[in-house]
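Undergrad: Would you be able to build a 3D model of this:
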Amino acid sequence: MGKKVANMAEQITLLEAKLQNTEKDAQELRSLIGGTPRVAFSAALRDSGSGDIGPFSTNTPLKYKNVFSNTGNSYNNSTGIFTVMVKGMYFFRFSMFNILASAPNSVVGLMKNGERQISVWGRSGFNANVMGSNAVVIPLEVGDNVYIELYAHTKVYDNGMNYNTFSGFLLFTM
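TA: So this is what the prediction gives:
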């Protein structure tokens, strides 16, 4: 029985040492990131080339391929979708550009889990070009998806000048 107690005491001592090391590691990580998760991304529509994107017969998520930053790896440039990994209040901004010498119009919207939050619309025939932007602050839960959708039968244009952009970042956790 005495050996068992001594063995358990030794195991407790080892566990206490591991716990202290884990607490030290956690404290060091908090100091590196300021104790706050960091989530931010910014991307432009094209990584090369020029031309229209669209029109499509259905609403279609835009895939912003030229990623400037993606801290937290929440934005996927293969799908164009930002997936929330940290619950909190987020800021998103997007811009839209099109050469509107002829139809069709341009309409893009920021979507949260398939529901439109905000939009930008450009009408053909009035100007040679149209550009617009919009922004929103919204609460998001882990697993929520945010993306920019090009509406059916509309188009946007880019020529490598990064006119069409999509950015977002975590304001604070909740």
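
Undergrad: CA atoms for contacts and neighbours, from now on please.
TA: Fine.

Undergrad: what helix or strand is residue 138 on?
TA: For residue 138, the host element (DSSP states H and E) is strand 129-140.

Undergrad: go on, residue 9?
TA: Using DSSP H and E, residue 9 sits in helix 2-33.

Undergrad: what's the model's confidence in the following helix or strand past that helix, averaged?
TA: Using DSSP H and E, the helix or strand that follows helix 2-33 in sequence is strand 40-44. Summarised as a single mean, pLDDT over strand 40-44 is 97.

Undergrad: Residue ranges in the chain under the pLDDT threshold?
TA: The model of the chain has pLDDT under 70 over residues 23-34, 100-104, 123-128.

Undergrad: Domains in it, by residue range?
TA: Here the domain assignment for the chain is 1-35, 40-173, based on automatic domain parsing.

Undergrad: Buried deepest among those domains, which one?
TA: Among those, domain 40-173 has the highest mean neighbour count (mean count of other C-alpha atoms under 10 Å), at a mean of 18.

Undergrad: Do me a favour and get the end-to-end distance for it?
TA: End-to-end span of domain 40-173 (C-alpha to C-alpha, to the nearest Å): 13 Å.

Undergrad: and if you look at stretch 76-90?
TA: Terminal residues of stretch 76-90 are spaced 17 Å apart (C-alpha to C-alpha).

Undergrad: which ones are touching the residue nearest to residue 173 when sequence neighbours are not counted?
TA: In space, residue 173 comes closest to residue 88 once its chain neighbours are excluded; the distance is 4.0 Å by C-alpha to C-alpha, 6 or more residues apart in numbering. Contact analysis of residue 88 by C-alpha atoms under 8 Å, 6 or more residues apart in numbering lists 139-141, 170-174.

Undergrad: ok, now which ones touch the most centrally placed residue in the chain?
TA: Centrality entry for the chain: nearest residue to the mean C-alpha point is residue 82, 3.5 Å, by C-alpha atoms, centre = their mean. Neighbour list for residue 82: 74-76, 145-147 [criterion: C-alpha under 8 Å, 6+ apart].

Undergrad: can you do 6 Å?
TA: By C-alpha atoms under 6 Å, 6 or more residues apart in numbering, the residues touching residue 82 are 74-75, 145-146.

Undergrad: Among these, which one sits closest to residue 63?
TA: Of all the contacts of residue 82, residue 63 sits closest to residue 75, with 10.2 Å by C-alpha to C-alpha.

Undergrad: follow-up on the earlier one: in the sheet, who's paired with the residue nearest to residue 173?
TA: For residue 88, the beta-bridge partners are residue 140, residue 173 (DSSP bridges).

Undergrad: how close does it sit to residue 76?
TA: From residue 88 to residue 76 the distance is 19 Å (C-alpha to C-alpha).
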